[in-house]
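Just need the structure, nothing else, for what follows:
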Amino acid sequence: MRILFASMPFDGHFLPLTGLARHLGQRGHDVRFYTGPSYARRLSAVDVPHLPFRRATEVNGGNLAEHFPEVERLKGPKRIAFDLEKVFFGNTEAHFADLREIHEEFAFEVLVADGAFYAAYLVAKQLGLPVYGIGPGPTPAPTSPSAPPPFFGLTPATRPLAKLKHRVIRAMVESTTKPGMATFNDMLAREGLPPYTRSVFDLPWDTATLFFQTGVPEMDFPRRDWPPNHRFVGALLPPRAAAPAALPFADKLDRFPSTVVVSQGTVDNRDPQKLLVPALTALAGGEHLVVACTGRRHTDTLRARFPHDNVVVEDWVDFDTLLPRADLFICNGGYGSIMHALMNEVPILSAGKLEGK
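This next block holds a predicted model:
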């Protein structure tokens, strides 16, 4: 079978799909992966042919502020509205034009796409192909009267006043999606399709033949109205290396009685004062080995600021090798990292704020 994978160019959207892509390729299917050009090396490493963006612009965690300098000043509902309109819907028409052209060259029979890759809706409607969605994170889930509105860290409401509050917040959240949905519906009109009138949070499920949600039901709030095409599938992680990666600080793992791993993810890691600096300030010079993973930002600066023997600062560390040796994981709530830690039974201290974390 000819299978095309597609994802937005963010690590948290891309990485959960890579293990499945490689697995299907090893099973004999003709698999290709459409995503940003910066992911060529990673796809080569897992033996999956890369089809880079053609008309679409790669806007990712590393260059978001370069493309949109104003994004640093936006918070709360304004940031939600901006991301949806400019980042996720802004390239949808170009993505679909790329995919339509690719389909003429590589007649893929199935599209497997991350839930925020909204051009998948057009693939289903215009090309008539089955789409299988991947939910790489816990939110936003499809709308439900029993689930709290996304992005605000709310728990399900049980009392009348709390339910009223949730309705007000949900209406506010939905209002932030209007500019993005207008962009999307303008594109649908150009394609001769009717407007999409439901919530944007339902769009991935309305697109997919089946929607595979990373995690297990216990990772979400209890509800009885998951869409019939929704499936929890456990952890979807990048492929493991054939052999465990060597850790350059392996000798220190045996010298200290316990190991604390700190990560600020790969998107919200421009300001190390949010998590890395407070954690290192608290633990530097202490009895624990502290391994800070920077996502390739501020590494040299943090090494100079925290030269302590018990502190290790690295751009990237193989979690498959490190987490089995960890005693605590301090993070900003990235879902892939959380999955890694849970699978290795590592206690988690999560201190995220943005992106619904």
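
show me where pLDDT drops low in the stretch 51-200 of the chain?
For the stretch 51-200 of the chain, the stretches with pLDDT under 70 are 139.

So which residues of it form helices?
64-67, 76-82, 92-105, 119-122, 160-176, 178-190 (DSSP state H, counting those that start in this stretch).

quick one, which of these is nearest to residue 223?
Closest approach to residue 223 among the helices of the stretch 51-200 of the chain is made by helix 160-176 (13.6 Å; CB to CB). Where C-beta positions appear, they are placed from N, C-alpha and C, glycine not excepted.

Show me what the closest one is packed up against.
Using 3 or more CB pairs under 8 Å, 6 or more residues apart in numbering; DSSP states H and E, the elements in contact with helix 160-176 are helix 76-82.

Burial-wise, tell me which of the helices of the stretch 51-200 of the chain comes out on top.
helix 119-122 (a mean of 25; mean count of other CB atoms under 10 Å).

one step back: will you turn the helices of the stretch 51-200 of the chain into JSON lines that also has distance to residue 51?
Shown next, in JSON lines, are these (distance: least, CB to CB, whole Å):
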{"stretch": "helix 64-67", "distance to residue 51": "22"}
{"stretch": "helix 76-82", "distance to residue 51": "28"}
{"stretch": "helix 92-105", "distance to residue 51": "6"}
{"stretch": "helix 119-122", "distance to residue 51": "13"}
{"stretch": "helix 160-176", "distance to residue 51": "32"}
{"stretch": "helix 178-190", "distance to residue 51": "21"}
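
Compare those and report which one is nearest to residue 251.
Nearest of these (CB to CB): helix 64-67, 37.8 Å.

Extract the C-alpha set from the closest one and format it as PDB.
The C-alpha coordinates for helix 64-67 follow below in PDB (Å, rounded to 0.1, in the frame of the first residue of the first chain):
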ATOM      1  CA  LEU A  64       8.300  31.200  14.900                       C
ATOM      2  CA  ALA A  65       9.400  34.500  16.300                       C
ATOM      3  CA  GLU A  66      11.400  35.300  13.100                       C
ATOM      4  CA  HIS A  67       8.300  34.900  11.000                       C
END
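
Next one: the nearest residue to residue 82 once chain neighbours are set aside from residue 176, what distance?
Once flanking residues are discounted, residue 82 sits nearest to residue 74: 5.3 Å by CB to CB, 6 or more residues apart in numbering. Look at residue 74 and residue 176: by CB to CB, to the nearest Å, they are 11 Å apart.

of all the helices of the stretch 51-200 of the chain, which lies closest to residue 211?
Comparing the helices of the stretch 51-200 of the chain under CB to CB, the one sitting nearest is helix 119-122, at 10.6 Å.

Report all helices and strands that that closest one contacts.
Using 3+ CB pairs under 8 Å, 6+ apart, helix 119-122 sits against helix 92-105, strand 110-114, strand 131-135, helix 203-207.

what does the last one rub up against?
Right, the one you point to is helix 203-207. 115-116, 118, 120-121, 124, 131, 133, 135, 142, 196, 198, 211, 227, 229-230 (CB atoms under 8 Å, 6 or more residues apart in numbering).
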